[in-house]
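[1] please find the sequence and the predicted model below.
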Amino acid sequence: MSLIVLLLLPFVGSCLAAVLPHNARNAESLLAGLVALAGTVQVALMYPQIAHGGVIREEFLWLPSLGLNLVLRMDGFAWLFSLLVLGIGALVSLYARYYMSPQDPVPRFFAFFLAFMGAMLGLVISGNLIQLVFFWELTSLFSFLLIGYWHHRGDARRGAYMALMVTGAGGLCLLVGALLLGHVVGSYDLDKTLAAGDLIRQHALYPVLLPLILIGALSKSAQFPFHFWLPHAMAAPTPVSAYLHSATMVKAGVFLMARFWPVLSGTEEWFWIVGGAGACTLLLGAFAAMFQNDLKGLLAYSTISHLGLITLLLGLNSPLAAVAAVFHILNHATFKASLFMAAGIIDHESGTRDIRRLSGLVRLVPYTATLAMVASASMAGVPLMNGFLSKEMFFAETVFISATAWVEIALPVIATLAGTFSVAYALRFTVDVFFGPTAQDLPHTPHEPPRWMRAPVELLVLTCLIVGIFPAQSVGPLLAAAALPVVGGTLPEYSLAIWHGWNAPMIMSLIAMCGGVVLYLLLREQLRRGRFPYPPLIERFNGKRLFERGQVHLMLLARRIETQFTTQRLQKQLFMLVLAAFIAGLTPVLYNGLTWGDRPKIPGSGVFVALWLIAIACAVGAAWQAKYHRLAALIMVSVCGLMTCITFVWFSAPDLALTQLVVEVVTTVLILLGLRWLPRRLENVSPRAKERARLRRLRDLLLAALVGGGMAVLSYAMLTRPTPNAISSFYLSRALPEGGGTNVVNVMLVDFRGFDTLGEITVLVAVALTVFALLRRFRPPKESMQVPAQQRRLAPDVVSDLINPRHAPDTALGFMMVPAVLVRLLLPIALLVSMYLFMRGHNQPGGGFVAGLVMSVAFILQYMVAGTKWVEAQMSLRPLRWMGTGLLCATLTGMGAMSLGYPFLTTHTAHLRLPLLGDIHVASALLFDVGVYAVVVGSTLLILTALAHQSVRAYRPASQPKPTKAGAA
Amino acid sequence: MEEVIAVAIGVLTASGVWLILRPRTYQVIMGLCLLSYGVNLFIFSMGSLFIGKEPIIKEGVTQDLLHYTDPLPQALVLTAIVISFAMTALFLVVMLASRGLTATDHVDGRERDE
């Protein structure tokens, strides 16, 4: 199995797990277990290839020019981690089968679980820095989802949120660090990075990139000062804790530090940051763990402490310490996973995790108790356990370090002290829970768990023992293979023996053992009486409180900045926008000056000037009157539209003129339909407001005049200068031979720039659907629902031709009869005109847009004259189908070219000789134009009819919204 | 003629800008219409303005920009016309929906007491 299959397997499994039934615990667990097991076996089989420094590498090119490729790379260290991720994953899936209750939605659990496994696997076998950061963030995301699995619980939500915030922010720092690292090395490839150690350490950017990468790693591994998120993440289901906080998530941080150990370590900065954080965490975690009353809380702080130990080892800048770190990663994963599972069993069986309430369980669950005691002995570093071996190596490193004098003294003291604490909390975990009088008042009476729930714990504890007793035979070669890449190629001399004689580490161990027992005995009674609700001395450094306070302050700051520098008022925003545009346009003129060109002028025409004078007057009039005389403003704006249209005709743009004309009609109808629902004039405005409005108007007027003047000057300059003739002649010369049409503009639209047009009709469809959706929920205000004032003014007994369209099925009565007849006659003629415009479009002015708009105008006229009810009783127009068919037609035409091996939307032309019609030139662009036509008809109709329906729908007050389909078109 | 077009573009833009800075939604719609006329004309005039030289290929006429009007700005403006129609429609309906929900036609959805 290749690496890519190995990586994809968990993700595929995750998708499968998500769709299984709600309560399929067996199937889910089997699926997850099999995926993890298959992966484990495959990884194990890769051992010969990586055993002696070999590297398996697979590369999939993605953006080679940017150095972004999918590179999967497995060396000994990645191999060890993959084994941990998949192996412990398999055990946890089995365990979770029994831990999760039938009420829990297990598909979600296992889907997230497998996805997390995949993300973690992707992280450890990444061969590219950016890819590594990507999977890093994925693990943050999925761990967030897993920690917050019981999202009905507030503590789970808060814990998940905190974990995401801390590790996610760390991930962002890591991303910047990785980008800098890639910049320094000149490649994002991990192999190249790992080979460039000296270059990186001597680079000027090293002091910048190192802290960034380390913030990422330390926050992920819950190292001081980011340690506080981990205990709160204990709100997760126990299988999640066992997985995330023993083998995977928190190990990602130390993984990263070990991964880059060959290139980043060996400097003062590394020693002080990594070693310092590690030493603080080691001591702090172990100290706090002693005072925890929650089993999982104790394990959480112990995890923090052990991760601190690994970090400290990595920070010591000695190859031997790095080997010890790798060894402890492995050991910690085994004993901590089994301890979490044991804690979960106790919680599951007795209903509580409170150490003060649990007591004497050894008589009730002897088997589990034995397993938990062996595992916690390993945690405490008792001889014959695997924890003992790596702890001895750690002690040895602290003793034999050569550094400043006080460091040489302080480190062994810290190590011994931490060892003492760990013995004390391990005793708390075992003696308090399993010995003493049998607890009576537990929520449930504990029984041994199901056989297979215990199996994963047994297997892990067995591993602890085997490694602890026969280290050289069992784990020796694996450790050598895994540590080789970490130390950068040459393994230091070390021995994995249980007994090294009476040396300093052994004496430190003895001191720690005795000290731990004494400390435990001293604290025992105090703790049981609840004298220490919080760990003493460090209770003031409450990370959670600091985090929350920081968050509140950040929010307040953001809010203050927002109110200071932004506004919610549209007028101000638009003012700033227009002002910015004006300044942007003005700046080059200020720098380079403004000159007129000498292009030959177009001969003038009095008619044209006169027409524009009218239109200009109308534009100013519309601006002046738009507030209260809406209809007048609309008419005046239409005059401007018509004049624009005439300008297009005048200057040889027949297609534009046609389109503008029809669009003008449709827009006017549309706005007329909307006018009905606008409110009346606002009376009684205070004099102060008037004064302010006057000032604002003056300001706006000034800006409008400046912008308008600027545009005038700019266009005059452009109009008098020679035209650039950049690419347009291309279209002119290619339109006929390659596009097969003489109307260059139309050929451009359906052929050269067909993709653009496809986007445009998609926009039309989107707008039409949005309009439709918005209007479904629209409730017109009450005063607009009444019969218009003009009709109300009539006496009730007057016989009038005015018809209320809401009640009359056919409004074409009285004086509306004549136009109605005419308009109905117009429909077939409009259809003919539309077809004509459509067919000639490729060679003469016309085309799908204009034809479609003409068609829809004809339909709209029917609505206007005869009323909605009559039209819809006579014709079934299905705008949605028009739109769908059109979009499909246009897209399929484009894809047709692809199926023949040409780029999307390549046009094909054919000459046909048909009877009666003679020679016909058919381009596939015609089919595309059919699509455009149908979309234009459909969306215009949908928009206009949706608006028109507002006047006939039954009025429901807004206070009783009913989610019914009534009122929809 | 160039002067007329330049002034026309200027006035359309100025009226449009004035209107989109107004507080009533209807004014803003009208402003957007006027502004799009101005901008469309501006883009259109970027090409060579000719009288009677439509970009429709005739036999025997050399296919260059001396004998035909520039088709590129025309194609761009054609797209712009349709898009501005769609925008007007959308904005009109948003305006109506906002009026229905907030009972005012102020652009901010509520009357400002100033």
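    Great, that's in hand.

[2] look up how far A:A795 lies from A:Q844.
    56 Å (C-beta to C-beta, to the nearest Å). Just so you know, the C-beta spots here come from the backbone N, C-alpha and C atoms, and that holds for glycine as well.

[3] looking at these two, which has the bigger crowd around it?
    A:Q844 (18 against 6; other C-beta atoms under 10 Å in any protein chain shown).

[4] tell me how far the spatially most central residue of chain B lies from B:S98.
    Computing the C-alpha centroid of chain B and ranking residues by C-alpha atoms, centre = their mean puts B:S36 first, at 1.4 Å. To B:S98, B:S36 is 21 Å away according to C-beta to C-beta.

[5] and for A:R158?
    If you measure A:R158 against B:S98 using C-beta to C-beta, the figure is 37 Å.

[6] of these two, who's got more company?
    B:S98 (19 against 16).

[7] who are the contact partners of the more buried one?
    For B:S98, the contact set (C-beta atoms under 8 Å, 6 or more residues apart in numbering or on different chains) comprises B:T25, B:D105, B:G109.

[8] just checking: which of these also lie near chain A?
    By C-beta under 8 Å from any C-beta of the partner chain, the members of the contacts of B:S98 lying near chain A are B:D105.

[9] quick one: distance of the helix or strand harbouring A:P211 to the chain centre.
    Element membership of A:P211 [criterion: DSSP states H and E] is helix A:206-220. Centroid displacement of helix A:206-220 relative to its chain, using C-alpha atoms, centre = their mean, to the nearest Å, is 24 Å.

[10] who touches that helix?
    With C-beta under 8 Å, 6+ apart as the criterion, helix A:206-220 contacts A:136, A:140, A:166-167, A:169-171, A:173-178, A:180-181, A:184, A:200, A:223-224, A:226, A:249-250, A:252-254, A:256-257, A:260, A:264, A:267, A:269-270, A:273-274, A:277, A:311.

[11] the helix or strand containing A:M898 near chain B at all?
    Following DSSP H and E, the helix or strand that holds A:M898 is helix A:879-899. No - counting by C-beta under 8 Å from any C-beta, chain B is not contacted by helix A:879-899; separation bottoms out at 12.7 Å.

[12] after that helix comes which helix or strand?
    Next element after helix A:879-899 (DSSP H and E): strand A:909-914.

[13] C-alpha coordinates for that next one, PDB please?
    Listed next in PDB are the C-alpha coordinates belonging to strand A:909-914 (Å, rounded to 0.1, in the frame of the first residue of the first chain):
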ATOM      1  CA  THR A 909     -19.200  25.800 -37.600                       C
ATOM      2  CA  ALA A 910     -21.000  23.900 -40.300                       C
ATOM      3  CA  HIS A 911     -22.300  24.900 -43.700                       C
ATOM      4  CA  LEU A 912     -25.600  23.300 -44.500                       C
ATOM      5  CA  ARG A 913     -27.500  23.400 -47.800                       C
ATOM      6  CA  LEU A 914     -31.200  23.100 -47.000                       C
END
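
[14] so in that sheet, which strands flank it, and in what orientation?
    Applying DSSP bridges, strand A:909-914 is found paired with strand A:918-923 (antiparallel).

[15] from A:L114, how far off is A:I147?
    In terms of C-beta to C-beta, A:I147 sits 16 Å off from A:L114.

[16] the more surrounded of those two?
    Using other C-beta under 10 Å as the criterion, A:I147 and A:L114 rank with A:I147 on top: 31 against 28.

[17] one step back: who are the packing partners of the helix holding A:M898?
    Packing partners of helix A:879-899 (3 or more C-beta pairs under 8 Å, 6 or more residues apart in numbering or on different chains; DSSP states H and E): helix A:754-776, helix A:924-949.

[18] in that helix, which residues are buried?
    Neighbour counts using 16 or more other C-beta atoms under 10 Å in any protein chain shown place A:879-880, A:882-883, A:885-887, A:889-891, A:893-894, A:896-897 of helix A:879-899 among the buried residues.

[19] contacting residues around that helix?
    A:754-755, A:757-758, A:761-762, A:765, A:768-769, A:903-908, A:924-925, A:927-928, A:930-939, A:941-942, A:945, A:969.

[20] that helix: how far from the chain's middle?
    31 Å.

[21] how about the strands in the chain?
    As the question left the chain open, I've gone with chain A. With DSSP state E as the criterion, chain A has strands at A:56-63, A:68-74, A:909-914, A:918-923.

[22] now the nearest residue to A:L37 once chain neighbours are set aside: how far from A:L661?
    In space, and not counting its chain neighbours, A:L37 is closest to A:A90: 4.7 Å by C-beta to C-beta, 6 or more residues apart in numbering or on different chains. Distance, A:A90 to A:L661, by C-beta to C-beta: 72 Å.

[23] give me the more crowded residue out of the two.
    A:A90 (23 against 19).

[24] next up, the contacts around the more buried one.
    By C-beta under 8 Å, 6+ apart, the neighbours of A:A90 are A:G33, A:A36, A:L37, A:T40.

[25] show me what the longest helix along chain A packs onto, helices and strands only.
    The single longest helix within chain A, with elements called by DSSP state H, is helix A:687-720. For helix A:687-720, the elements it packs on are helix A:570-592, helix B:2-20, helix B:25-45, judged by 3+ C-beta pairs under 8 Å, 6+ apart.

[26] now these in a markdown table, with mean pLDDT?
    Conversion of these to a markdown table gives the following (pLDDT from 0 to 100):
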| stretch | mean pLDDT |
| --- | --- |
| helix A:570-592 | 91 |
| helix B:2-20 | 93 |
| helix B:25-45 | 92 |
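
[27] so which of those helices comes closest to A:A51?
    The closest of these to A:A51 is helix A:570-592. By C-beta to C-beta, the value is 63.7 Å.
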